[in-house]
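S.K.: Sequence first, predicted model second:
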Amino acid sequence: MEVIKLDELIEKARQAREQAYVPYSKFAVGAAVLTDDGHVFQGCNIENGSFSMTICAERCAMFSAVAAGYRHFKTIAIVADTKRAVSPCGACRQVMTEFMNADDQVILTNLNGDKIDTTVAGVLPYSFSLKDDPVK
Ligand SMILES: O=c1ccn([C@H]2C[C@H](O)[C@@H](CO)O2)c(=O)[nH]1
Ligand SMILES: [Zn+2]
């Protein structure tokens, strides 16, 4: 299996951003997740006239990987045309905790090339986990 470089994953996120369906916000976001065996899944934000039905690029990419049978990703890269590296919303951070480990890699970037190389715990410290449930 070919080893994918971080720059290639970011390029996949940029390509996915081109597919964003954003007639309402005009704010296009792209994401790409890397699985343990080197597969890449892309996602873009997809809006809806019933606004709350919108899905973010990050969850689109993660759910696409899950639908293909993957249950763990080691890296997610996110890109938007923002002044600072784009930051994922709370819902997407929570979904990351379901399918990634606390020390797995989260890359926040923008079209200017600003880059923040952080982790799941970095974007969501003290995250909720069912592992804390004493009944389990
Ligand atoms: O991290 C984020 C934040 C927002 N959006 C989308 C949702 C909506 O389509 C638009 C504006 O919130 O950006 C994402 O895709 N990812
Ligand atoms: Zn989100």
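M.R.: It's in. Ligands and ions are numbered 1, 2, ... in the order given.

S.K.: Only C-alpha atoms from now on, for both contacts and neighbour counts.
M.R.: Noted.

S.K.: Not counting sequence-adjacent ones, nearest residue to the most centrally placed residue in the chain?
M.R.: Nearest residue to the geometric centre of the chain (CA atoms, centre = their mean): residue 58, 3.2 Å. Leaving aside its chain neighbours, residue 58 sits nearest to residue 31 (5.3 Å; criterion: CA to CA, 6 or more residues apart in numbering).

S.K.: Let's see the pLDDT reported for the one you found.
M.R.: Residue 31 carries a pLDDT score of 98 in this model.

S.K.: cool, and residue 73?
M.R.: 97.

S.K.: who are the neighbours in contact with it?
M.R.: Residue 73 is in contact with 33-36, 99-100, 104, counting by CA atoms under 8 Å, 6 or more residues apart in numbering.

S.K.: so where is this protein shaky, pLDDT-wise?
M.R.: Along the chain, the model assigns pLDDT under 70 to residues 1-2, 136.

S.K.: at 90 what do you get?
M.R.: 1-4, 129-136 (pLDDT under 90).

S.K.: just to revisit the earlier point, you'd agree the residue nearest to residue 58 is in a helix?
M.R.: No - secondary structure assignment (DSSP: H, G, I helix; E, B strand; the rest coil) places residue 31 in strand, not in a helix.
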